[in-house]
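K.L.:
kindly return the folded structure for what I paste below:
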Amino acid sequence: PNALEHYKKAATLNATLNNKMQSATTIQNIGGIYLELQDFNQAMKHFQQAQTTYEELADTLSLSQIKNSIGDVYLSKKSYDLALANFEEALVLAESINAQQSILEVYYNLGDANDQLENFDLAMDFYTRTKALADKMNNTLYQSLSYIGLGTIHLDAGSIQKGINYCRKGLQISTEIETVSIQQEACSCLYEAYKQAGRNTLALNYLEQSITLKDSLNARQTADKILNMEFEKKMILDSLANVEKEMKIELAHKEVLRQQETQRNIIIVVLFFIIIVAIAIWSRLNYVKKSKQRLQKEKDRSEHLLLN
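P.N.:
Below you'll find the predicted structure:
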């Protein structure tokens, strides 16, 4: 809640300063928090608001990422057609600019969505693409996810040994990178695999590991949420300080411009009056000169008449 309030304040300040990109990014982050809280309506509202700005700015990478996030919301709500549509649009955008990380993330989500829909051939294809790209990028997180995804697909297809091999590899990598959530998925996969194979001792062993990891994950997630909220709070406060500083600088600049404009207007008015006075003096002098000339002519004429 505190993180949300700070994000909202940051979004308001960015909007005031007309920082469209920063404002949209903040709104997207707010949507991400709502998605974690499983408030899908609020998550969708903020993601779509950010999407509108990204469309105005024609930011292809951000559009790809936000469509992937919108797809995540639909997938969480089991709205598979809409999820797939957004994932596919995100993929087209990411591929158009060769954004490898975004492509990798969308590949996995397309595999996950098709896996849930039991479109196993498509799921296998996208998990395989995820693994190939993750290997190329040396992205161990998505390597482990893709191995487990492939393992579950092989189990569903009845290829128990292949399923075991893939899930064990996923467990190995996730253990190396200390990702508890993926370790738990791998152990669940291996429990199902060994149960299907009738190897009950190993199945029970991985079931116990899965339960232990899940308990650890719940405890860690609670601690992480507290730490993340504190970290986010600090980062947002720093961001707000920068935004407020920018606002003060901008207001000071506007004040300088206003003062310069006022001084310019005063100078114009003074110059105008000087010109008017100068014209008046010139006119007066010219009038006096002409008057003297007329008087001189009259005098000369009078003297001429007297002489005659």
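
K.L.:
can you pull out the helices in the stretch 1-150 of the chain?
P.N.:
With DSSP state H, counting those that start in this stretch as the criterion, the stretch 1-150 of the chain has helices at 2-16, 20-36, 40-57, 60-76, 80-96, 100-116, 120-137, 140-156.

K.L.:
now render those as CSV, adding mean pLDDT, mean neighbour count and distance to Asn218.
P.N.:
In short, each C-beta sits where N, CA and C put it, glycine included. Converted to CSV, the helices of the stretch 1-150 of the chain look like this (pLDDT from 0 to 100; neighbours: other C-beta atoms under 10 Å; distance: least, C-beta to C-beta, whole Å):
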stretch, mean pLDDT, mean neighbour count, distance to Asn218
helix 2-16, 56, 18, 20
helix 20-36, 84, 20, 14
helix 40-57, 92, 18, 22
helix 60-76, 95, 22, 19
helix 80-96, 97, 19, 26
helix 100-116, 96, 22, 22
helix 120-137, 96, 18, 27
helix 140-156, 95, 23, 20
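
K.L.:
and these as CSV, adding distance to Gln259?
P.N.:
Shown next, in CSV, are the helices of the stretch 1-150 of the chain (distance: least, C-beta to C-beta, whole Å):
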stretch, distance to Gln259
helix 2-16, 22
helix 20-36, 29
helix 40-57, 34
helix 60-76, 39
helix 80-96, 47
helix 100-116, 48
helix 120-137, 55
helix 140-156, 55
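
K.L.:
between those helices, which gets nearest to Ala219?
P.N.:
When the helices of the stretch 1-150 of the chain are compared by C-beta to C-beta, helix 20-36 sits nearest Ala219, at 17.0 Å.

K.L.:
the closest one: how far from the chain's middle?
P.N.:
Distance, stretch centre to chain centre, for helix 20-36: 6 Å (C-alpha atoms, centre = their mean, to the nearest Å).

K.L.:
stretch 258-266 now?
P.N.:
On the basis of C-alpha atoms, centre = their mean, stretch 258-266 sits 40 Å off its chain's mean C-alpha point.

K.L.:
same check, this time on stretch 156-167
P.N.:
That offset, for stretch 156-167, works out to 39 Å (C-alpha atoms, centre = their mean).

K.L.:
got the buried residues for it?
P.N.:
Going by neighbour count (16 or more other C-beta atoms under 10 Å), the buried part of stretch 156-167 is Ile160, Lys162, Gly163, Ile164, Asn165, Tyr166, Cys167.

K.L.:
let me have those residues in JSON lines, extended by pLDDT and secondary structure.
P.N.:
JSON lines is the format used below for those (pLDDT from 0 to 100; DSSP: H, G, I helix; E, B strand; the rest coil):
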{"residue": "Ile160", "pLDDT": "95", "secondary structure": "helix"}
{"residue": "Lys162", "pLDDT": "95", "secondary structure": "helix"}
{"residue": "Gly163", "pLDDT": "95", "secondary structure": "helix"}
{"residue": "Ile164", "pLDDT": "96", "secondary structure": "helix"}
{"residue": "Asn165", "pLDDT": "96", "secondary structure": "helix"}
{"residue": "Tyr166", "pLDDT": "97", "secondary structure": "helix"}
{"residue": "Cys167", "pLDDT": "96", "secondary structure": "helix"}
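
K.L.:
returning to what we had before: of all the helices of the stretch 1-150 of the chain, which lies closest to Arg284?
P.N.:
Minimum separation from Arg284 across these (C-beta to C-beta) falls at helix 2-16, 56.6 Å.

K.L.:
just the helices in the stretch 151-300 of the chain please.
P.N.:
Using DSSP H, counting those that start in this stretch, helices in the stretch 151-300 of the chain cover 160-176, 180-196, 200-307.

K.L.:
list the contacts for the residue nearest to Asp125 when sequence neighbours are not counted?
P.N.:
Using C-beta to C-beta, 6 or more residues apart in numbering and skipping the chain neighbours, the partner closest in space to Asp125 is Gly111 (7.8 Å). Gly111 sits next to Leu122, Ala123, Met124, Asp125, Phe126, Tyr127, Arg129, Thr130, Ser146, Gly149 when contact means C-beta atoms under 8 Å, 6 or more residues apart in numbering.
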